[in-house]
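*Asks:* Build the 3D model from these lines:
(2 chains, ligands or ions: 2)
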Amino acid sequence: MRFMIEAKGISKVYQDGTEALREVCFEVPEGESCSIIGPSGCGKTSLLFIFSGILKPTSGKALIEGNEVVSPSRKVALILQDYGLFPWKTVYENVSLGLEFRGYGKKERQEIVLPLLDDLDLKDFANHYPKQLSGGMQQRVGFARALALNPEILVMDEPLSSLDALTRETLQNFLLSLWKHKGLTMLLVTHNIEEAVFLGREIIVLSPRPGRVVKIVKNHNVGEVNYRNTEDFFDKCREVRQSIEDGAT
Amino acid sequence: MPRSEAEHRRWSYLIAGLLLIVLWQAMSFLLNSIALPTPLTVFYAVISGLKDDLLSHLLVSAARVGYGIALALSLAVPLGLISYKKGADKIITPFIYLLYPIPHIVLLPLIILLFGIGDLSKVILIAIIVFFQILVTTRDAARNISTNYIYSLLSLGATEKDVYEHVVFPACLPKILTALRISIGTAIAVLFFVESFATRKGLGFLIMDSWSRMDYPDLYAAIVAMALLGFCLYVMLERVEREVCAWVYV
Ligand SMILES: Nc1ncnc2c1ncn2[C@@H]1O[C@H](COP(=O)(O)OP(=O)(O)OP(=O)(O)O)[C@@H](O)[C@H]1O
Ligand SMILES: [Mg+2]
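*Replies:* Ligands and ions are numbered 1, 2, ... in the order given. Below is the predicted model of the structure:
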């Protein structure tokens, strides 16, 4: 087993002196999924930005396949909760933008983007602007944009948190099947305990700011839609909730 | 009968125009002075002016305003856009705050000293005044761009140039166009000022000249031409805005 993602003692202190993260260590094997949960402001977004190569840690290292992350990696796709989509670009333009940056021609871009929009039920909306779509559809565009780049790692910052419960569950199922069938490694930040347990083989619980790892909950039975209704699922939720409370004291 | 929005707009312009003419007619009837001729008199003056040299004056004025605005845009927009970076903004802001409140029209003697008394000075004065209006608005828009847009773009593998092209510029464009629209009014006011001396060309000259001759129909013909110039610029700008900022209007 090799590690796809490794956090080696990552600390982050912002210029204004705000200490966001302290000595965060964890690793995620290839093809595994990992949820990160913790109180607001504990540095979750900062941690994801570090793995996306957008932010530099103050000390410690973020590794991807053993290599230190110094700039945005082609292997990683980042999905944000809001504002990820550009309101001034159509659905098609949003999804194909990353490919454009990677030097794909117009024809190649079409060959990748159109089937992907089809898969995600967005085909009829290719020429719409984000604000013409529902929240759930917008987030699917966000997924399409990430998937267009054929990444090995999906890094997600509360991707579903602004959606209603039903849409949210549908997209959780979508993420689950994505993980199972595409062999992606996933790093998911969420505020929602059930979501963390439903989607993460491991759940990393962070303390209040500065974020430190309080506990890593193993969650072996993850992987089926049905898991939501099992006793084990509820046990894990309880365990995670308890760890969050422990971390806060 | 469903009407297209464009058609609706055309009608509302027409009705507003007619109303203003009616109002004008009523005013000139009430005032009963040669200083406010009737619309029809002015209409004839416009026609005979067109046979004469009204059009060439109009074109000279249009060119001065056009070049002035273009010059201002080409400097103010890039300078405003780099303010999305906190560091650049810190350097630019003091200059803006110190220079913006000056009534720039007082710079005229300096401008004439530097650029002579010809068209260049006129264009530059228009440009300076409009420059600040566009700069201030563009900078405010650039500062308020959510960093999440920029992070999203960078994570897709964007370069610095891509950030300007795909986030900073399009995000600020609606504000830039609004600033531009406000600037048209300012630019034409400044145009009148710079054309009222040291030139024998342009609508401003025409206005001052017919005024001194007490030729009121010609005076108003020139005013009408100036209003039309502004109106055409507004309409053109609105076209452009609907084209390039389609996402705002959906
Ligand atoms: N650019 C910045 N400069 C200074 N401080 C910052 C900056 N970005 C974030 N912080 C601070 O760092 C801490 C962690 O922020 P971060 O956004 O990573 O938290 P988070 O866990 O994602 O919070 P939330 O759950 O609310 O999204 C916060 O206290 C925040 O105020
Ligand atoms: Mg966050």
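
*Asks:* Residues contacting the one helix or strand residue A:138 maps to, please?
*Replies:* Secondary-structure assignment from DSSP states H and E places residue A:138 in helix A:135-148. Here helix A:135-148 makes contact (Cβ atoms under 8 Å, 6 or more residues apart in numbering or on different chains) with A:77-80, A:84-85, A:91, A:94-99, A:112-113, A:116-117, A:120-122, A:125, A:130, A:133, A:154, A:159-160, A:162-164, A:167, A:170-171, A:174, A:178, B:156. C-betas here are computed from N, CA, C, even on glycine.

*Asks:* Can you confirm whether stretch B:86-96 lies near chain A?
*Replies:* No - contact of stretch B:86-96 with chain A (Cβ under 8 Å from any Cβ of the partner chain) is absent, the minimum separation being 10.2 Å.

*Asks:* Okay, buried residues for that stretch please.
*Replies:* Residues of stretch B:86-96 classed as buried: B:89, B:92, B:96 (neighbour count, 16 or more other Cβ atoms under 10 Å in any protein chain shown).

*Asks:* Would you convert those residues into a markdown table that also reports secondary structure and pLDDT?
*Replies:* What follows is the buried residues of stretch B:86-96, written out as a markdown table (DSSP: H, G, I helix; E, B strand; the rest coil; pLDDT from 0 to 100):
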| residue | secondary structure | pLDDT |
| --- | --- | --- |
| B:89 | helix | 90 |
| B:92 | helix | 90 |
| B:96 | helix | 89 |
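
*Asks:* so what's the most centrally placed residue in chain A up against?
*Replies:* Nearest to the geometric centre of chain A sits residue A:156, at 1.7 Å (Cα atoms, centre = their mean). Listed by Cβ under 8 Å, 6+ apart, the contact set of residue A:156 reads A:48, A:78-79, A:186-189.

*Asks:* cool, residue B:206 as well?
*Replies:* Contacts of residue B:206 by Cβ under 8 Å, 6+ apart are B:54, B:57, B:218, B:222, B:225.

*Asks:* So which of those residues wins on neighbours?
*Replies:* In terms of neighbours by other Cβ atoms under 10 Å in any protein chain shown, those top out with residue B:222 at 30 neighbours.

*Asks:* now for the helix or strand harbouring residue B:29, which elements pack on it?
*Replies:* In the assignment (DSSP H and E), residue B:29 maps to helix B:5-31. Helices and strands touching helix B:5-31, by 3 or more Cβ pairs under 8 Å, 6 or more residues apart in numbering or on different chains; DSSP states H and E, are helix B:39-51.

*Asks:* Alpha carbons of the helix it packs on, as PDB, please.
*Replies:* The C-alpha coordinates for helix B:39-51 follow below in PDB (Å, rounded to 0.1, in the frame of the first residue of the first chain):
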ATOM      1  CA  PRO B  39     -38.500  72.900 -32.000                       C
ATOM      2  CA  LEU B  40     -39.500  73.400 -35.600                       C
ATOM      3  CA  THR B  41     -37.300  76.500 -36.000                       C
ATOM      4  CA  VAL B  42     -34.400  74.500 -34.500                       C
ATOM      5  CA  PHE B  43     -35.200  71.600 -36.800                       C
ATOM      6  CA  TYR B  44     -34.800  73.800 -39.800                       C
ATOM      7  CA  ALA B  45     -31.600  75.200 -38.400                       C
ATOM      8  CA  VAL B  46     -30.300  71.600 -38.000                       C
ATOM      9  CA  ILE B  47     -31.200  70.800 -41.600                       C
ATOM     10  CA  SER B  48     -29.500  73.900 -43.000                       C
ATOM     11  CA  GLY B  49     -26.600  73.300 -40.700                       C
ATOM     12  CA  LEU B  50     -26.200  69.800 -42.100                       C
ATOM     13  CA  LYS B  51     -26.100  71.300 -45.600                       C
END
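
*Asks:* What is whichever helix or strand comes after it packed up against?
*Replies:* Later in the chain than helix B:39-51, the nearest helix or strand by DSSP H and E is helix B:54-81. Under the contact definition 3+ Cβ pairs under 8 Å, 6+ apart, helix B:54-81 sits against helix B:119-143, helix B:169-195, helix B:203-212, helix B:216-244.

*Asks:* Give me the mean pLDDT for the very next helix or strand once past the last one.
*Replies:* Sequence-wise, the next helix or strand beyond helix B:216-244 is helix B:246-249, with elements assigned using DSSP H and E. Confidence for helix B:246-249, expressed as mean pLDDT, is 91.

*Asks:* Could you check helix B:246-249 against chain A for contacts?
*Replies:* Yes - residues of helix B:246-249 contacting chain A under Cβ under 8 Å from any Cβ: B:246-247.

*Asks:* quick one: buried residues of that helix?
*Replies:* Using 16+ other Cβ under 10 Å as the test for burial, helix B:246-249 gives residue B:247.

*Asks:* could I get it in CSV with only the CA atoms?
*Replies:* Coordinates of each C-alpha in helix B:246-249 appear next as CSV, following Å, rounded to 0.1, in the frame of the first residue of the first chain:
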residue,chain,number,x,y,z
ALA,B,246,-24.8,38.7,-21.4
TRP,B,247,-24.4,36.8,-18.1
VAL,B,248,-25.7,39.7,-16.1
TYR,B,249,-28.9,39.9,-18.1
